[in-house]
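Trainee: quick one, structure for this:
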Amino acid sequence: MEDRGAIFKGTGNSLNILVPTDKNGIFIGYVDEEGMKFSDTDRSVTLEGRDLTSLFTDAKYLGKPVPLTEKVDDVIRSLVKQQESTKKIEVVNATGGDLPILANLAPDLESTSGIVNPKRGTSFWDMIQEIIERSGLICYMDLDKLIINKPRNLFKKQKIKNFIYGKNLKDLSFSRKLGRHRGFNILVRSVNIRKKNVIDAAIPKESKRLDLGGGVEVTTPQLDKDGKKIEPAKAAPYLVFNVTDIYNKDKLIEAGESIYEELSRQQLEGSLSTKEMKIPESPYKEREDGSYVPFLSTESTPVDFNSIRNGSAIQVFLDISDLEKVKTIASVVERKRYLIKQQFEPKVAEALAESMNRTSYVFYVKSVTFELDQNNGFNMDIDFINFIELDNANLGV
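Mentor: Modelled structure (predicted):
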């Protein structure tokens with residue numbers, strides 16, 4: 001996907017044809033469904049498909065043992081090679097260091113039997129995710145490569161895309177995740193060096209606090225290729241936290257409950273729409289403590305819309321004149337009142353007023369949709385979430 005700028009090359013009649021490259025590739029995959037439609041006013045061909053993740057999600061894992069004495073990335077490679085259709089997919093360790101041996105992360109598993117017996121209907125992707133979750137890592141398909149990374153590495157970008165309310169935004173909305181409306185679980189883990197074992201606690205699944213939804217794992221719906229919900233729902237992503245000097249399971253659950261509660265309080269989500277195909281991009285400005293400050297200046301350079309992917313860092317600004325004014329207002333109530341006077345929706349005004357002095361102004365793309373048709377032109381919709389960092393000396397993250 002690429003903005004070619006013109007249909008023809010120069011002044012001639014030669015078509016300015018799109019040539020696929022690594023830079024303009026959005027995804028590589030297979031067509032699941034195709035169709036054609038003809039009428040007096042419309043002729044269209046429809047192709048629907050998924051990326052190469054489908055090769056893992058569609059294949060049932062048959063329980064072939066996986067060696068626990070190998071490093072996590074080598075274990076994933078052995079799983080990938082078990083299928084003829086995926087054995088040539090490259091597994092990339094993008095963490096910047098060596099990964100641990102799987103047996104050290106899974107002392108409860110027997111080395112003679114490999115991975116625990118899979119549940120009925122378990123796919124290769126389910127097995128890969130189980131191993132990755134034990135490691136406190138994430139993995140995803142990037143075109144034709146399976147990437148293993150740390151969450152922090154994925155989100156720490158060198159460049160940030162800027163969206164400015166009042167300039168290149170058509171719609172903007174915010175919401176704060178409260179109560180039981182959370183989109184994640186957490187796993188807290190502590191290593192007992194003396195006893196050479198690991199204890200962990202899944203929250204809220206192992207919590208007894210009803211206000212946290214105790215006893216029930218947070219799930220997200222599964223969708224078929226037509227976007228319809230299918231059963232059963234799958235577990236929401238797990239955020240992994242390593243803690244120190246906690247060897248009692250009840251105490252570990254208490255620590256997990258505190259982390260879960262703090263994360264829920266801080267979680268901020270939103271969505272935006274724009275019709276711009278060129279997005280201003282500028283470097284981060286980083287403080288000494290590692291937090292980032294909002295930055296928008298003449299250093300910004302435009303980039304094509306297709307550089308925005310899941311995990312891309314974005315920043316949502318006010319129009320620069322509004323931003324400078326709001327910075328001078330100390331009271332959250334007064335900031336909100338000012339923004340409402342500038343024709344901001346009350347919910348947007350409240351979220352911006354509260355987040356103006358937060359340590360992190362950076363959001364990360366959860367999903368992005370591009371649409372282009374001859375009647376309505378281009379439109380891009382983005383769902384985003386803030387990246388939450390906890391100030392806790394006991395967290396080894």
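Trainee: do me a favour and average the pLDDT over the helix or strand containing residue 339.
Mentor: Using DSSP states H and E, the element containing residue 339 is helix 332-341. Throughout helix 332-341, pLDDT has a mean value of 82.
Trainee: likewise stretch 38-50?
Mentor: Averaged across stretch 38-50, the pLDDT comes to 86.
Trainee: equivalent analysis for stretch 240-259, please.
Mentor: 83.
Trainee: how far does it stretch from one end to the other?
Mentor: 11 Å (CA to CA, to the nearest Å).
Trainee: regarding this structure, what is its longest helix?
Mentor: helix 249-266 (DSSP state H).
Trainee: helices or strands up against that helix?
Mentor: Contacts defined by 3 or more CB pairs under 8 Å, 6 or more residues apart in numbering; DSSP states H and E place helix 249-266 against strand 185-192, strand 197-203, strand 238-243. (C-beta placed from N, C-alpha, C; glycine too.)
Trainee: want to try CSV for those strands, with distance to residue 146 and mean neighbour count as columns?
Mentor: Shown next, in CSV, are the helices and strands packed on helix 249-266 (distance: least, CB to CB, whole Å; neighbours: other CB atoms under 10 Å):
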stretch, distance to residue 146, mean neighbour count
strand 185-192, 22, 20
strand 197-203, 25, 19
strand 238-243, 19, 20
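Trainee: any chance of those strands in a markdown table with distance to residue 7 as columns?
Mentor: Compiled in a markdown table, these are given as follows (distance: least, CB to CB, whole Å):
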| stretch | distance to residue 7 |
| --- | --- |
| strand 185-192 | 50 |
| strand 197-203 | 55 |
| strand 238-243 | 47 |
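Trainee: out of these, which comes closest to residue 335?
Mentor: Among these, strand 238-243 comes nearest to residue 335, with 30.4 Å by CB to CB.
Trainee: what angle separates the longest helix of the chain from strand 197-203?
Mentor: Angle, helix 249-266 to strand 197-203, by axes from the mean of the first three to the mean of the last three CA atoms, to 10 degrees: 40 degrees.
Trainee: what are the buried residues along helix 249-266?
Mentor: For helix 249-266, burial by neighbour count (16 or more other CB atoms under 10 Å) applies to 252, 253, 254, 255, 256, 257, 259, 260, 261, 263, 264.
Trainee: neighbouring contacts of the following helix or strand past it?
Mentor: Using DSSP H and E, the helix or strand that follows helix 249-266 in sequence is strand 268-274. Contact with strand 268-274 is made by 163, 168-177, 183, 316, 351, 355, 363, 366, 379-386, as judged by CB atoms under 8 Å, 6 or more residues apart in numbering.
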